[in-house]
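**Q** build me a model:
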Amino acid sequence: MYTILVVDDEAIVCQGIKEFLEISDLSITQVLIASNGYEALDYLRMESIDLVLTDIQMDGMNGIELMESILSEKPDIPVVVISAHDEFEYAQQCIRLGARDYLIKPVQLSQLTKVVGAELSNRDKKYKRLLEESLKLKFSMTGMLSLRSYILNEVIAGSLEKSDDYLFIFEQIGLKFEGPYYLLLVTELSWGRFGAEEEVIQKLRDRNLLKYATVNIIEETLADWNAVAFYGQGNQIITIMQFSEADHKERDQEHVAKMNLIGKKIVTHIQSYLHLKAVVGISSIRPGLHTLPESYRDSVKAVKWHALYDNHNVFYAEDFSLKEASGQVNWQEKTEQLAQRIRTGKKLEGVQEDIQCFISEISPVFDSNDSTAGIPLSIAYRVYTVLLEMKETIGEKYRELDPILYFRFPLTGSEIKDRLCAFLAEAAELILASLADRDQAIVQQSVGYIRLNFRNKGLKIQDIADSVHLSPNYLSYLFKQIVGETVWEFVTRLRLEEARYLLVSTPKKRYEIADEVGYESPEHFSRVFKRYYGESPNSVRSE
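**A** Model prediction:
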């Protein structure tokens, strides 16, 4: 889903392009419009923009000046120029400033769709452009390591689906994956110092240094194996191990024992050298690079079992997958889907409908005499794991849903079914209430940060998102959902309310007030003020 910014001082042009793009089939979420470069910069700093369509001749900051600012502040955002001027010099200057295309007014809608669609498609393929640009710049070893981590994260996320993509990528970053069998380890670090619970590592720089050291420790530990370690999300270090046909022919138990030994060595070495606690999740061994996303998901799930078994720190994924009723119903996959819906559901009524559908879909489980106890309990524990992950915000209430205490075995198949249904409903209600409280808290923190910094001309949504440890896109979504206006609209409101107060209570000049509340240009300030209040700053002052 994409956000487009249209910049033109002709309102009818902006509105026409906006309406056309909104009804196109280009997966565009919203189209924002700005009447000049200053207003466009406000949007670019406060919203997550995927593409800019701009005119050249505009009052205040023109299109050329806007492109220069974008090149300086947001060089990764593509710009397409739509201008009434077809002189070669204009086009040449725009291309030199990074314009992806130069369209002449009146632009044909079919041509606009083609150009916009192509640029948005290019945004989805940015990892290839990153490779090509990095190679042209002859990136440093540090850049290579960052690039390697980026690409390998794309692989385990399933973003690269075709075999030629893998070959192209690995050729450029100097990795050789021949397998043909692969196993994946996820090492999750705890930022509390081992043996000193009160010391929690807060600084990002310190955490990055410890992650760097952890990669080195893992590579040293696995020096005799064909393995590569790299940075994962947050506090994760991911390791891909590859095995030959001969390696794969080992007996299963011998293989499991070796992997558990490797996991324990990694944990021990991290504790010894870095004084950090760590948990290792190990996937099963699978053929082909295309299985790495599934192996990653399994390893992450295995790590989460530490919440239930806090005396253990190495978990093998296959130890925690029951297989009794898999032939009848794919309950594991359905349980994962339900857990995800509970995590992301915004309305309790919708989640309750999901629970009823889930119970209906897995009904064969309750008819099986040999597995009625095991599988429902595993389902309950999977959802209970979500509760454990959120126990800081949920509080002690999660203890009431401990599955062993909640189910009170022995129970008949129908009793277990009713009990599981009630358990899932109570857990969902608790999780959704906690999510709502957490989201409210995050948005309130964001509002506090904005109130302290809205006068800063260089304020960007990335700054606000960093202050609450979220991505700009997710913060924008959350802010709109809870506050009812976008981040940029909220910042604008604060600026203009402050400006109105200064106009009526101080003798400060218009340009002084514009500068004080965060606007680059007095003219841009006046235009935004009049659009918001329906009257000019001078009119307000003379009242």
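
**Q** ranges for the strands of the stretch 1-150 of the chain?
**A** Along the stretch 1-150 of the chain, the segments classed as strands by DSSP state E, counting those that start in this stretch run 2-7, 28-34, 51-54, 79-83, 99-104.

**Q** most tightly surrounded among those?
**A** Highest mean neighbour count among the strands of the stretch 1-150 of the chain (mean count of other CB atoms under 10 Å): strand 51-54, with a mean of 26. Where C-beta positions appear, they are placed from N, C-alpha and C, glycine not excepted.

**Q** state the mean pLDDT of it.
**A** Here strand 51-54 scores 91 as its mean pLDDT.

**Q** give the pairing partners of it; include direction for each.
**A** Strand 51-54 sits in its sheet next to strand 2-7 (parallel), strand 79-83 (parallel), going by DSSP bridges.

**Q** now do the same contact list for residue 260.
**A** Residue 260 sits next to 282, 314, 316 when contact means CB atoms under 8 Å, 6 or more residues apart in numbering.

**Q** nearest to residue 397, of the strands of the stretch 1-150 of the chain?
**A** Nearest to residue 397 among the strands of the stretch 1-150 of the chain is strand 28-34 (36.1 Å), distances taken as CB to CB.

**Q** and the closest one, how far from the chain's centre?
**A** 21 Å (CA atoms, centre = their mean, to the nearest Å).

**Q** am I right that residue 523 is in a helix?
**A** Yes. Under DSSP: H, G, I helix; E, B strand; the rest coil, residue 523 falls within a helix.

**Q** in contact with the nearest residue to it once chain neighbours are set aside, which residues?
**A** Of all residues not flanking residue 523 in the chain, residue 60 sits nearest, at 5.2 Å (CB to CB, 6 or more residues apart in numbering). Listed by CB under 8 Å, 6+ apart, the contact set of residue 60 reads 36, 37, 38, 521, 523, 524.

**Q** could you redo the last one with a cut-off of 6 Å?
**A** Contacts for residue 60 were tallied using CB atoms under 6 Å, 6 or more residues apart in numbering; they are 36, 38, 521, 523, 524.

**Q** and if you look at residue 468?
**A** 442, 445, 446.

**Q** list just the nearest of the residues you listed to residue 515.
**A** Closest approach between the contacts of residue 468 and residue 515, by CB to CB: residue 446, at 24.7 Å.

**Q** got the phi/psi numbers for the residue nearest to residue 523?
**A** Main-chain torsions, residue 60, degrees, to the nearest 10: phi 70, psi -120.

**Q** check the gap between the most centrally placed residue in the chain and residue 339 for me.
**A** Per CA atoms, centre = their mean, the C-alpha nearest to the average position across the chain is that of residue 471, at 5.8 Å. Computed as CB to CB, to the nearest Å, the residue 471 to residue 339 distance reads 22 Å.

**Q** try residue 13
**A** Using CB to CB, we find residue 13 at a distance of 48 Å from residue 339.

**Q** with residue 208 instead?
**A** 31 Å.

**Q** please apply the same query to residue 499.
**A** Going from residue 499 to residue 339 by CB to CB gives 48 Å.

**Q** same question for residue 491.
**A** Going from residue 491 to residue 339 by CB to CB gives 36 Å.

**Q** per-residue pLDDT, the closest residue to residue 65 other than its chain neighbours?
**A** In space, residue 65 comes closest to residue 37 once its chain neighbours are excluded; the distance is 5.5 Å by CB to CB, 6+ apart. pLDDT for residue 37: 86.
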